[in-house]
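S.K.: have a look; sequence and predicted model below, questions after that.
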Amino acid sequence: QVQLVQSGGGLVQPGGSLRLSCAASGNIFRINPMGWYRQAPGKERELVATITNSAGSTIFPDSVKGRFTISRDNAKNTVYLQMNSLKPEDTAVYYCRSWGSASDYWGQGTQVTVSS
């Protein structure tokens, strides 16, 4: 049974930083690309970043480029989302995802709230 277990969310002031973690069980981690999504209240889920099994990464929304970084530690089966210079509009539930040709797994979601 494959599981993605997230940690690291919470409340942070504008301008602060958080690092989200997503630990994967099973054999998928070294094979599948991984990604982070977010969903703000009343909005559709949005792709934030992806990283391949060889650590090639892409940050998608222009609104987070230069502030967010995705990385992975294959030895720990964990993918990270480092979020710096956080803004109130980054407030959302963040999800990690692992997908392949015949699989699609999601983490449980973690709340990130940016507020003073």
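M.R.: That came through, no problem.

S.K.: tell me where this structure has strands.
M.R.: 4-7, 10-12, 18-24, 34-39, 46-51, 57-59, 68-73, 78-83, 92-100, 103-106, 110-114 (DSSP state E).

S.K.: flag every buried residue along the longest one.
M.R.: In terms of neighbour count (16 or more other Cβ atoms under 10 Å), strand 92-100 has its buried residues at 92-98. In short, each C-beta sits where N, CA and C put it, glycine included.

S.K.: between these, which sits nearest R19?
M.R.: Nearest to R19 out of the buried residues of strand 92-100 is Y94 (Cβ to Cβ; 11.2 Å).

S.K.: so what sits opposite the closest one in the bridge?
M.R.: Counting by DSSP bridges, Y94 forms beta bridges with R38, T110.

S.K.: OK, contacts around it?
M.R.: The neighbourhood of Y94, defined by Cβ atoms under 8 Å, 6 or more residues apart in numbering, consists of 6, 9, 20, 36-38, 48, 81, 109-112.

S.K.: same check, this time on T110
M.R.: Residues near T110 by Cβ under 8 Å, 6+ apart: 6-9, 20, 93-95.

S.K.: and the residues you listed, which is closest to S54?
M.R.: Using Cβ to Cβ, the contacts of T110 come closest to S54 at L20, 21.4 Å.

S.K.: just checking, G16 touches S115?
M.R.: No. G16 lies out of contact with S115 (Cβ atoms under 8 Å); the separation is 10.3 Å.

S.K.: who has more neighbours, the two?
M.R.: Using other Cβ atoms under 10 Å, the more surrounded residue of G16 and S115 is G16, with 15 against 10.

S.K.: how near is that one to T52?
M.R.: 29 Å (Cβ to Cβ, to the nearest Å).

S.K.: repeat for F29
M.R.: 12 Å.

S.K.: those two: which is more packed in?
M.R.: F29 (22 against 12).

S.K.: residue closest to the middle of this protein?
M.R.: W36 (3.1 Å; Cα atoms, centre = their mean).

S.K.: what's the spacing between it and P61?
M.R.: In terms of Cβ to Cβ, W36 sits 11 Å off from P61.
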